[in-house]
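Provided below are the primary sequence and the corresponding predicted coordinates.
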Amino acid sequence: MSTPIIEIKDVNKWYGEFHVLKDVCLEVAKGEKVVVCGPSGSGKSTMIRCINRLEEHQSGRIAVDGIELGDDVKAVEAVRRRVGMVFQSFNLFPHLTVLENLTLAPVKVAGVAPREAESTAMALLERVRIPEQAGKFPGQLSGGQQQRVAIARALCLKPAVMLFDEPTSALDPEMVGEVLDVMSGLAAEGMTMICVTHEMGFARAVADTMVFMDEGRIVEVAPPAQFFQSPANERTRRFLGKIIGH
Amino acid sequence: MGGLAGLWGSRRFRGLVYQALVIGGVIAVGGWLVRNTLTNLELRGIATGFGFLGREAGFDISESLIPYTPADTYARALLVGLLNTLLISALGIVFATLIGTAVGVMRLSGNWLMARLCGVYVEAVRNVPLLLQLFVWYGLVTTLPGARQALNPLPGVFLSNRGLVIPGLDWSGGGWPVLDLPRLAGFNFTGGLTLSPEFAALLAGLTVYTAAFIAEIVRAGILSVPKGQVEAARALGLSKGQTLRLVVLPQALRVIVPPLTSQYLNVTKNSPLAIAIGYPDLVAVSNTAINQTGQAVESVALVMGVFLCISLGLSALMNWYNKRVALVSK
């Protein structure tokens, strides 16, 4: 196996007294799809937010594409350009049109010419199947459409890795499918992905690796077939029983 | 009688009666005031009307944006005052906005010392009466060094006991104006635009005072933008400055603009405190006019009308701007 694109080694993080991440280790290879699940408060979101340094870890090592994250601002910026992120609450910029949401970072961060950024953006909007919404403002779109725009926005800088932080949790049930379709399409094209999600159907179909977290620790790492059929850990079994059992 | 009691039971009828009573009361009080005023004016032999505006003013005004001599009319004297009021208000608004925004942003910065300093500034300035601050500024300005030892904080800007000298525009060439930088010549400055010590003190006072309020408004506006917006911008690789400028401030404007309008109106309405340090604004000039002519009712009405127009104009402008920055949603 080639060198991993994401390396997380012995990472610890505290919020004040609260120990959120405990000796977390994870390696993700290029093109690998990792689905992270676990009870709320188990540190899933915190872990992936450490990968693009929206959260700082206090000990251990996190590196993306060989660049180690630390206090070096340049390194953080370099990592952020390689990592796209999709949030639970979309976080589109409401004062900008859909197209402007997509061209902001390429023009202002990567120095791409506006014309070129726009054509890239339109191509991405085609890919998430809403090119006709380019001139609208986020507030005029449905939740599902907004999340698809958010995915397109994250893809605008041509990232090597995509992080998804519960991308469907804030959506109405009938809009979950359209967002998962886009994510599956992305996976099929070979994108490296880490998804925090409880959509187990999606996980089964797309994931190469399942990660289960509980109380700040990675409890189990396994391929989906093994993870769903014969989970090794008692806590994983209980968790899966609760969310799939009924 | 039952009919009347029934009528009284109707909400609509009672509402009409109350409104009629209020209108009647207002008319009665207004009428009494007018009659009282007219009687008093007649007793003192003062003729009413705006005729005095055409008469010669006979008093000098220390600074003016347009040519003015004591031989000019009261109307022109008042115009000089109005222009001075507009100048101080406009500059006060611009500087207070710039300083207020900077302080508001810095108060939220991660730099502990900077944030605390800004906090101290806001709390100290907001809680001291403006009039008192004006006296302090005037005191400071009049104790500044002479022209030859003038402070030179920015290129082309000189601060001395002659007042504040800034670069001006020279229109004399015809067509496009040329930047006119002030130079020290002998004991004073030539070129540029000289602002009197009174003007400088008033501008400093209004700016520093209002900026403290604007800083709080800007801070509240920034805090009103959801944290997720900053995270999304940072995740896209935008720097802290870009995030503030391109993502946070444009959204904060929705919250900032309405109270900011009030502060702009306050700058204008606080500007008559100029009278305390001798800057000839509209109110100061009209005071002199009243002393000389006794036309208090007309002068005060005129000043009130002018301030009303300025305020309504400013509000209309800010409301238009507020509509422009409003977010579009379904």
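Structure received.

so the closest residue to chain A within the stretch 1-150 of chain B: helix, strand or coil?
Scanning the stretch 1-150 of chain B for the residue nearest chain A gives residue B:110, at 12.7 Å (criterion: CB to the nearest CB). Where you see a C-beta, it was placed from the backbone N, CA and C, and this is true even at glycine. Secondary structure assignment for residue B:110 (DSSP: H, G, I helix; E, B strand; the rest coil): coil.

quick check: phi and psi at it.
phi -70, psi -10 (degrees, to the nearest 10).

same question, residue A:12
phi -120, psi 140.

what sits against it?
Applying CB atoms under 8 Å, 6 or more residues apart in numbering or on different chains to residue A:12 gives the contacts A:19, A:21-24, A:57-60.

and it, how far from residue A:217?
Distance, residue A:12 to residue A:217, by CB to CB, to the nearest Å: 11 Å.

same check, this time on residue A:73
Taking CB to CB, one finds residue A:73 at 31 Å from residue A:217.

residue A:177 now?
33 Å.

likewise residue A:187?
With CB to CB as the criterion, residue A:187 and residue A:217 are 27 Å apart.

looking at the two, which is more packed in?
Shown here are residue A:187 and residue A:217; by other CB atoms under 10 Å in any protein chain shown, residue A:187 has more neighbours (20 against 17).

was I right to think the more buried one contacts residue A:203?
No - with contact defined as CB atoms under 8 Å, residue A:187 does not reach residue A:203; the gap is 11.0 Å.

please identify which helix or strand holds residue B:46.
Applying DSSP states H and E as the criterion places residue B:46 outside every helix and strand.

need the pLDDT of it.
For residue B:46, the model assigns a pLDDT of 77.

with adjacent residues omitted, what lies nearest to it?
residue B:294 (4.8 Å; CB to CB, 6 or more residues apart in numbering or on different chains).

where does chain A have low pLDDT?
Across chain A, the ranges flagged by pLDDT under 70 are A:1-2, A:245-246.

could you tell me which residues of it lie near chain B?
A:52, A:54, A:77, A:80-81, A:83-85, A:87, A:89, A:91-95, A:104-105, A:108-110, A:137, A:139-140, A:150, A:153-154, A:157 (CB under 8 Å from any CB of the partner chain).

at 7 Å instead, please
A:52, A:54, A:77, A:80-81, A:85, A:87, A:89, A:91, A:93-95, A:104-105, A:108-109, A:137, A:139-140, A:157 (CB under 7 Å from any CB of the partner chain).

so which of the residues you listed sit within strands?
residue A:85 (DSSP state E).

of the residues of chain A next to chain B, just the buried ones, PyMOL syntax please.
Buried subset of those, written as a PyMOL selection, criterion 16 or more other CB atoms under 10 Å in any protein chain shown:
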select buried, chain A and resi 52+54+77+80+81+85+87+89+91+93+94+95+104+105+108+109+137+157
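
in helices only, show me the residues of chain A next to chain B.
In helices, defined here by DSSP state H, the members of those are A:77, A:80-81, A:104-105, A:108.

gap between residue B:215 and residue B:201?
Taken as CB to CB, the span from residue B:215 to residue B:201 is 21 Å.

no, scratch that, I was asking about residue A:237
Distance from residue A:237 to residue B:201, by CB to CB: 77 Å.

between the two, which one's more packed in?
residue B:201 (28 against 14).

can you tell me the element the more buried one falls in?
Counting by DSSP H and E, residue B:201 is found in helix B:197-223.

what packs against that helix?
With contacts defined as 3 or more CB pairs under 7 Å, 6 or more residues apart in numbering or on different chains; DSSP states H and E, helix B:197-223 has these neighbours: helix B:74-107, helix B:112-126, helix B:130-142, strand B:163-166, helix B:249-270.

make a markdown table from these and add mean neighbour count and distance to residue A:43 to it.
A markdown table is the format used below for these (neighbours: other CB atoms under 10 Å in any protein chain shown; distance: least, CB to CB, whole Å):
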| stretch | mean neighbour count | distance to residue A:43 |
| --- | --- | --- |
| helix B:74-107 | 20 | 33 |
| helix B:112-126 | 14 | 29 |
| helix B:130-142 | 16 | 52 |
| strand B:163-166 | 22 | 58 |
| helix B:249-270 | 19 | 30 |
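
turn those into CSV, including distance to residue B:323 and mean pLDDT.
Below are the helices and strands packed on helix B:197-223 laid out as CSV (distance: least, CB to CB, whole Å; pLDDT from 0 to 100):
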stretch, distance to residue B:323, mean pLDDT
helix B:74-107, 19, 94
helix B:112-126, 29, 94
helix B:130-142, 31, 91
strand B:163-166, 34, 81
helix B:249-270, 10, 93
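
okay, and for the stretch 201-330 of chain B, where does confidence drop off?
Ranges of the stretch 201-330 of chain B meeting pLDDT under 70: B:329-330.

and residue B:178, what are its phi and psi?
phi -110, psi 140.

next, count neighbours for it.
12.

mind listing what's buried along the strand or helix carrying residue A:204?
For residue A:204, the element it lies in under DSSP H and E is helix A:200-206. Residues of helix A:200-206 classed as buried: A:200, A:202-203, A:206 (neighbour count, 16+ other CB under 10 Å).

report the two of those residues separated the most.
A:200 and A:206 (10.9 Å; CB to CB).

tell me who's in contact with residue B:224.
Residue B:224 is in contact with B:252, B:255, counting by CB atoms under 7 Å, 6 or more residues apart in numbering or on different chains.
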